[in-house]
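**Student:** Sequence and predicted structure are below.
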Amino acid sequence: MLRPILIPALLLAAGAGALRAQTDYYARVGAVGAGTLVRDAIGEEIRVRQSIAPMVALGASLPFSPGYRAGIEATLASGGFDAEQEGIGDTDLGTLRTASLLLGLDGPISSALRWRAGVGGLLYWPSEDTGIFLEGGPIRFLAGAGVDYRRPALARWDLMVSARYDFHRFTTDELERRGFTQAQGVSRVSLSVGLARGIR
Amino acid sequence: MSAPLRRLVLGSAAVAALACGDIAAPSRIDVYEWRLEAPSVPPPGLDTLSFHWGKDDLPVRIWVEDADGLPGHMAHAIDVWESAFLYGEFQATLVSDSAGADVVVVAGDPTTAVRAKRLHSASAPECSGATDLDVDVENRRLRLPIRLFIAATLPDVPGLERCLALTSVHELGHALGIFAHSADPRDIMFSDPGVELPSARDQRTAEAAYHTPPTLEVVRLEPLE
């Protein structure tokens, strides 16, 4: 199951020979916003939402045909989450970290713009195993896409500005234990800026 | 339709199907009456009294007498009830100073208390419990602290620790706002509880109590005249 992740990762880490020269590395910082995690109703409607969270992203890719690359991108975000209820207000539920790993492809749109799409997983990592995360944070399947804008900034480094959208369906073991069915569709959007080792 | 276009349409349909639908919350109709009926003033009639700790009251401060292992049992009871809620509605912490505590837990039988509405519980041979609610004569205000009494009636008998543990959970259930007893012995809030943890029905009832406007207002003042 881990083979699709491990093989490219090991190849990139090894960075041996000709691959090293063609490997594209980047790091970005930015912010990610997500939609509602849970909708519930006990008297009034309750919505559990994450705050806009700072994030870091690291990635690398290798060419597999002219103009196209395959790569891996990891993100880590940490922010608050709360329950909103009419008449009661917001209840702070603590800190919620998320980590994602996406395997994807990217290709050219124009000289400075590239598209990117991938699939992977998203781990929810709450600061405390309480409430909806009483049985721990889940790992959910994730699909995402985005665009990267790059322009030369330093001798070997490019300025990189990225926009991402991804989607997953959210539930937890505790919600299922309590009789919640199906899962909540959650969209996430992020904007980030960073540096990429230029491949010219 | 060309093959690439067909794949694109099918792929888009699959993504759209994934995106459709929200999480579906469970039905919460299976609850028991948690409110306390008290003679209305002036009579005749009954007032229905309900209470829950507000967001600004959290964490509820609980002082426990250091006897019969009660601090440990009450810490467990706090964990149990905090876990009953999904959205942080109830949180409590043990404090070392009884002055200013919201809930006071005493080892032993209840003393006579003027104006207190007493909820007797747990008539097992090993231990017993009771909760005193100091409600004013108009049934509008609840004066703090809420007093819990947990008594080891037969010291050093087998089953005493279990009895103290489940009685602590039961009495804290009263202190968080479940003022009435369940009629089902599978619930921790049954008048003579035999189970150690809240049932799903106990959890739903606690949730209902915390999402229903209370009739009692908390008062942190000197004894009412």
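**Tutor:** Right, received. Where do you want to start?

**Student:** which residues in the chain form helices?
**Tutor:** In the absence of a named chain, chain A is used. A:3-14, A:17-22, A:173-177 (DSSP state H).

**Student:** that answer is for a different chain, and I need it for chain B
**Tutor:** Taking DSSP H as the criterion, chain B carries its helices at B:3-19, B:70-82, B:160-176, B:200-210.

**Student:** I'd like to know which of those has the weakest mean confidence.
**Tutor:** Note on these: lowest mean pLDDT is at helix B:3-19, with a mean of 55.

**Student:** thinking again about what came up before, go through the helices of chain B and pick out the most buried.
**Tutor:** Greatest average neighbour count among the helices of chain B goes to helix B:160-176 (a mean of 25), per mean count of other C-beta atoms under 10 Å in any protein chain shown. Using the backbone N, CA and C atoms, a C-beta is placed for each residue, glycine as well.

**Student:** show me where pLDDT drops low in the chain?
**Tutor:** This is for chain A. A:1-20, A:198-200 (pLDDT under 70).

**Student:** wrong one, chain B
**Tutor:** For chain B, the stretches with pLDDT under 70 are B:1-21, B:112-116, B:122-123, B:221-225.

**Student:** for it, which strand is longest?
**Tutor:** If you go by DSSP state E, chain B has its longest strand at strand B:141-152.

**Student:** Identify the neighbouring strands of it in the sheet and state each direction.
**Tutor:** For strand B:141-152, the paired strands and their directions (DSSP bridges) read strand B:103-107 (parallel), strand B:127-135 (antiparallel), strand B:217-219 (parallel).

**Student:** For it, buried residues please.
**Tutor:** B:142-152 (16 or more other C-beta atoms under 10 Å in any protein chain shown).

**Student:** okay but B:Asp102 is in contact with B:Asp57, surely?
**Tutor:** Yes. Taking contacts as C-beta atoms under 8 Å, B:Asp102 lies within contact range of B:Asp57: 6.9 Å.

**Student:** Show me which residues of chain B are close to chain A?
**Tutor:** B:15, B:18-28, B:55, B:82-83, B:85-89, B:200, B:203, B:207-208, B:210-212 (C-beta under 8 Å from any C-beta of the partner chain).

**Student:** residues near the residue of chain B at minimum distance from chain A, how many?
**Tutor:** Scanning chain B for the residue nearest chain A gives B:Pro26, at 3.1 Å (criterion: C-beta to the nearest C-beta). Number of residues near B:Pro26 (other C-beta atoms under 10 Å in any protein chain shown) recorded here: 15.

**Student:** got it, and B:Ala107?
**Tutor:** Neighbours of B:Ala107 (other C-beta under 10 Å): 17.

**Student:** can you tell me which strand in chain A is longest?
**Tutor:** Max-length strand for chain A by DSSP E is strand A:89-108.

**Student:** buried residues in that strand?
**Tutor:** So strand A:89-108, judged by 16+ other C-beta under 10 Å, has buried residues A:91, A:93, A:96-104, A:106.

**Student:** filter those residues down to the ones near chain B?
**Tutor:** Of the buried residues of strand A:89-108, the ones that also sit near chain B (C-beta under 8 Å from any C-beta) are A:91, A:93.

**Student:** Need the max-distance pair from the buried residues of strand A:89-108.
**Tutor:** A:Thr91 and A:Asp106 (40.7 Å; C-beta to C-beta).

**Student:** so how far is A:Tyr26 from the residue sitting nearest the centre point of chain B?
**Tutor:** In chain B, the residue lying closest to the centroid (C-alpha atoms, centre = their mean) is B:Gly173, at 2.9 Å. Computed as C-beta to C-beta, to the nearest Å, the B:Gly173 to A:Tyr26 distance reads 54 Å.

**Student:** about what we covered before: more neighbours: B:Asp102 and B:Asp57, which one.
**Tutor:** B:Asp102 (21 against 16).

**Student:** wait, what's in contact with the closest residue to chain B within chain A?
**Tutor:** The nearest approach of chain A to chain B comes at A:Gly179, 3.1 Å away (C-beta to the nearest C-beta). With contact set as C-beta atoms under 8 Å, 6 or more residues apart in numbering or on different chains, A:Gly179 has these partners: B:26-27.

**Student:** about what we covered before: compare the helices of chain B and report which one is nearest to A:Ala163.
**Tutor:** Closest approach to A:Ala163 among the helices of chain B (C-beta to C-beta): helix B:3-19, 18.2 Å.

**Student:** How about the backbone phi and psi for residue 179?
**Tutor:** Since no chain was named, I'll use chain A. Main-chain torsions, A:Gly179, degrees, to the nearest 10: phi 100, psi 10.

**Student:** actually it's chain B I care about, not the one you picked
**Tutor:** Dihedral angles (degrees, to the nearest 10) for B:Phe179: phi -90, psi -10.

**Student:** so what's it closest to, chain neighbours aside?
**Tutor:** B:Leu36 (3.7 Å; C-beta to C-beta, 6 or more residues apart in numbering or on different chains).

**Student:** Show me what that neighbour is bridged to.
**Tutor:** B:Leu36 has these beta-bridge partners by DSSP bridges: B:Leu49.

**Student:** Any idea how many residues pack against it?
**Tutor:** Other residues near B:Leu36 number 22, with proximity taken as other C-beta under 10 Å.

**Student:** Go through stretch A:70-86 and flag the buried ones.
**Tutor:** By neighbour count with 16+ other C-beta under 10 Å, stretch A:70-86 contains the buried residues A:71-73, A:75-85.
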